[in-house]
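Engineer: Requesting a structural model of the entry that follows:
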Amino acid sequence: MAKNLKIAKRPHPGAQDGAATAAALPSKEEILAFISRERKAAFEAGSAHPDKVGKREIAKAFNIKGAARIELKRMLKELEAEGRFEKRGKTMHTPGRLPNVVLVDVGARDRDGELVATPVEWDADEHGPAPRIAIWAPRRAGPGSPMPGVGDRALVRVELEREPEEGAPAYRGRVIKVLEKARAQLVGVYRALASGGGRLMPIEKRNVGRELPIQPGDEGDARDGDLVSVDLQRPGRSGRPSAKVVERLGAVDNEKAISLIALITHNIPYVFRPDTIAESERAKPATMDHREDWRDLPLVTIDPADAKDHDDAIHARPDDDPENPGGFILTVAIADVAAYVRPGSPLDREALDRGNSVYFPDRVVPMLPERISNDLCSLRPNEDRPAMAVRMIINREGRKLRHTFHRVMMRSAAKLAYPQAQAAIDGWPDDTTKPLLDSVLKPLWEAYHALKIARHHRSPLDLDLPERKLVLKPDGKVDRVIVPPRLDAHRLIEEFMILANVAAAETLEARGQMLVYRAHDEPSVEKINALSEFLTTLGIKLAKGQNLRPQNFNGILERVKDTEHENIVNEVVLRTQSQAEYVSENYGHFGLNLKRYAHFTSPIRRYADLIVHRALVRGLKLGPDGSADMRPDELAEVAARISAAERRAMAAERETTDRLIATFLCEQVGATFSGRISGVTRSGLFVKLFDTGADGFVPAATLGNDYFRHEEHLHALIGSRTGETYRLGDSVDVRLVEAAPFAGALRFEVVSAGKSRREVPGAAAKPRKPPGRDKKPTGRKENAWPDTRKSKPAPRHRAR
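Structural biologist: Okay, the predicted model is just below:
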């Protein structure tokens with residue numbers, strides 16, 4: 001092992017070449033010091049990528065050659081297993097450490113008046129409370145220098161403080177750009193007072209109970225019970241702030257207003273700026289300039305039945321090349337948004353601000369105005385539309401042999417829905433699909449069967465989780481919750497799009513074009529070790545520190561399939577995964593098991609795809625409207641912004657669904673439901689209901705006349721005296737005790753008995769009873785909602 005090797009003294013930098021032997025290895029401490037030193041030097045030099053230190057850089061710095069590189073690799077694996085650093089692709093960084101460029105919210109000033117910020121994106125469950133960043137600012141800012149204030153959002157370049165004072169921020173940061181000025185707005189319910197004016201009852205959990213006065217004349221046109229957004233006013237002589245109504249969102253019982261709550265609380269733009277609308281209205285249909293004529297190719301779109309924009313179309317036919325027997329020629333055509341949205345234009349600036357479209361049950365907030373998204377760039381049937389197309393040749397086993405990109409004019413042969421296309425293949429064609437069945441649809445499905453073989457060999461992470469969909473009544477209220485079936489038609493589109501995305505990344509790398517990658521990191525060593533401890537309780541052995549690939553996770557899932565442990569193992573494997581993101585420096589896509597991946601197939605709704613389209617136009621010389629010159633640090637900034645926008649959209653969508661379902665259930669307080677434990681924390685249980693997918697909280701203090709210990713490695717609460725056990729994945733019956741519709745919160749109490757200790761693997765040994773805790777703990781507020789920042793159930797994983 002590396003730790004037993006003799007460490008040779010390295011030569012002075014001025015020594016002659018070859019003075020060091022290839023067998024000379026640094027100590028672990030020297031490696032860590034080198035990584036830290038390189039990061040610091042790069043930060044002070046203003047590098048866009050001070051994290052870019054990997055095995056190659058270490059080997060070069062310490063003159064490690066030949067067989068000694070193998071020993072270096074072993075040493076680095078030991079350091080990673082010990083948690084001394086984490087590996088991201090081919091680079092190393094300290095566990096739980098912020099990336100070099102990070103999006104932050106400026107939240108306060110310290111005692112010396114210096115600004116202090118926290119990262120917008122931070123995994124508190126994995127790394128604990130978010131770190132604080134001391135923002136460095138020049139005493140006299142020059143013209144154009146970015147100067148944030150409290151409440152602003154900014155992009156900063158950060159570096160870890162060597163020896164911070166006790167209680168001081170762990171990082172220092174330099175501001176690259178101020179992205180959003182503070183908008184001190186709240187959303188709440190307006191309550192009118194007979195004497196004039198009124199009070200605001202905030203709806204967010206963190207502000208519940210903190211009512212704000214609204215002075216007479218500041219209520220606008222709000223009526224008692226209305227949902228309103230307000231601006232915070234400066235404190236008066238009393239020292240208390242007041243509120244001024246800036247927008248009436250609607251009556252409190254109008255659920256159309258619920259999605260507006262998320263839009264405003266997350267600062268998501270939902271009204272297009274006048275210059276953006278004006279530019280979109282001036283846009284004219286694209287011409288044949290720089291385009292091939294593909295209008296005779298019978299491309300079809302396959303989308304959800306309620307889709308309003310259609311930005312991808314597909315086609316497949318058998319390859320008649322005798323050297324590729326059983327192979328296919330696949331075509332994926334994507335709406336040519338770059339033809340209408342030019343870099344630096346009003347349309348482009350607003351698209352970047354939005355980052356992506358946001359989808360709510362009752363509305364869509366598009367990234368681009370309807371003139372672009374639903375008209376000029378929507379691939380409507382029998383209408384000429386400009387497109388970026390990729391033609392891919394695959395063999396009989398679905399492996400891509402080669403591909404080419406083209407800028408074309410196309411004409412969709414049909415607009416199909418997933419169930420409609422699937423029904424045709426299953427023997428139930430309708431008037432639209434019957435003429436296309438043999439010539440278009442059957443070749444698509446034959447090509448898909450080949451792609452399935454390639455997918456099986458690639459072995460991506462196979463977490464095929466059901467998605468619930470809210471069906472609304474005409475008045476915007478929830479009618480029912482359904483789980484749409486997962487069809488081969490869905491999987492077909494998914495495989496075609498993945499292959500096209502890979503082709504785009506490969507082409508841009510080959511052409512030396514900068515691009516934004518879609519990257520997904522492998523799980524951290526800490527999460528793998530926690531998974532190993534948990535699986536041990538089920539009799540499944542997994543070596544700690546083992547370098548797992550997606551197929552290893554698939555093997556675990558297959559092993560517990562159709563057993564009593566299937567649900568809990570799926571939940572724990574899901575929580576082990578990291579979050580996908582957009583980056584300018586590639587480190588691969590773990591979930592899809594791909595070395596390079598980019599988003600190309602949805603430029604109507606994702607800014608990342610628009611960047612890729614422009615890069616293809618520029619790299620392949622397909623027209624004058626390609627990407628503009630951009631420095632690496634500018635691309636890193638864009639990647640950070642659109643990653644944050646994606647998370648913002650996910651949070652808004654999730655919160656809106658929670659509020660709609662809580663409103664739907666608020667009239668059923670006292671009813672009993674069946675569900676599954678979806679989260680276990682020290683303070684209680686999260687339960688997801690089977691019929692609606694609603695998440696609610698069960699305070700630990702209501703679980704029975706016992707003290708329940710949180711056994712983290714078992715994902716369980718276990719009664720110290722009775723051994724009664726509630727574990728992640730267990731089925732339970734609960735009664736709805738309280739519903740807070742506009743906070744999107746539900747509180748349950750468990751009405752079914754937990755399992756006995758003997759029924760739970762790994763929990764047979766009776767835990768030590770804590771002293772003085774023979775009785776049920778007192779002093780807890782049973783009607784208190786949990787701190788959702790630390791004790792929330794795992795969000796739905798979005799690896800792609």
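Engineer: pLDDT weak spots in the stretch 351-500 of the chain?
Structural biologist: 464 (pLDDT under 70).
Engineer: Equivalent analysis for the stretch 701-800 of the chain, please.
Structural biologist: 757-800.
Engineer: all strands of it, in order?
Structural biologist: Using DSSP state E, counting those that start in this stretch, the strands of the stretch 701-800 of the chain run over 708-711, 716-719, 725-727, 731-740, 745-750.
Engineer: for the second one, packing partners?
Structural biologist: Read it as strand 716-719. strand 708-711, strand 725-727 (3 or more CB pairs under 8 Å, 6 or more residues apart in numbering; DSSP states H and E). Glycine gets a C-beta too; all of them are placed from N, C-alpha and C.
Engineer: ok, residue 551 to residue 594 distance?
Structural biologist: Residue 551 sits 13 Å away from residue 594, going by CB to CB, to the nearest Å.
Engineer: actually residue 220, not the one I wrote
Structural biologist: From residue 220 over to residue 594 the distance is 53 Å, taken as CB to CB.
Engineer: now swap in residue 231 and tell me
Structural biologist: Residue 231 is 47 Å from residue 594, by CB to CB.
Engineer: So which of these two has more stuff around it?
Structural biologist: Using other CB atoms under 10 Å as the criterion, residue 231 and residue 594 rank with residue 594 on top: 18 against 15.
Engineer: is it true that that one touches residue 502?
Structural biologist: Yes: counting by CB atoms under 8 Å, residue 594 does reach residue 502; the two are 6.2 Å apart.
Engineer: list residues touching both of the two?
Structural biologist: Shared contacts of residue 594 and residue 502, defined by CB atoms under 8 Å, 6 or more residues apart in numbering, are absent.
Engineer: now the helices and strands packed on strand 716-719 as a markdown table including distance to residue 63 and mean neighbour count?
Structural biologist: Shown next, in a markdown table, are the helices and strands packed on strand 716-719 (distance: least, CB to CB, whole Å; neighbours: other CB atoms under 10 Å):
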| stretch | distance to residue 63 | mean neighbour count |
| --- | --- | --- |
| strand 708-711 | 50 | 19 |
| strand 725-727 | 53 | 23 |
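Engineer: Show me the one of those strands that comes nearest residue 528.
Structural biologist: Distance to residue 528, taken as CB to CB, is lowest for strand 708-711 among the helices and strands packed on strand 716-719, at 19.5 Å.
Engineer: Can you give me the neighbour number for residue 484?
Structural biologist: Residue 484: 14 neighbours (other CB under 10 Å).
Engineer: tell me the contacts of it?
Structural biologist: Neighbouring residues of residue 484 by CB under 8 Å, 6+ apart: 467, 469.
Engineer: Need the strands of the stretch 701-800 of the chain in JSON lines (columns: distance to residue 269).
Structural biologist: Shown next, in JSON lines, are those (distance: least, CB to CB, whole Å):
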{"stretch": "strand 708-711", "distance to residue 269": "41"}
{"stretch": "strand 716-719", "distance to residue 269": "43"}
{"stretch": "strand 725-727", "distance to residue 269": "43"}
{"stretch": "strand 731-740", "distance to residue 269": "28"}
{"stretch": "strand 745-750", "distance to residue 269": "27"}
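Engineer: where does the stretch 151-300 of the chain dip in pLDDT?
Structural biologist: In the stretch 151-300 of the chain, residues with pLDDT under 70: 180-185, 205-209, 234-240, 252-256.
Engineer: tell me which element the nearest residue to residue 601 once chain neighbours are set aside is part of?
Structural biologist: In space, and not counting its chain neighbours, residue 601 is closest to residue 497: 4.5 Å by CB to CB, 6 or more residues apart in numbering. Element membership of residue 497, judged by DSSP states H and E, is helix 488-510.
Engineer: Quick one: neighbours of the residue nearest to residue 601, just the number.
Structural biologist: By other CB under 10 Å, neighbour count at residue 497 equals 19.
Engineer: helices and strands around the helix holding residue 497, which ones?
Structural biologist: strand 300-303, strand 312-318, strand 328-335, strand 384-394, strand 400-411, helix 418-425, helix 442-458, helix 607-619.
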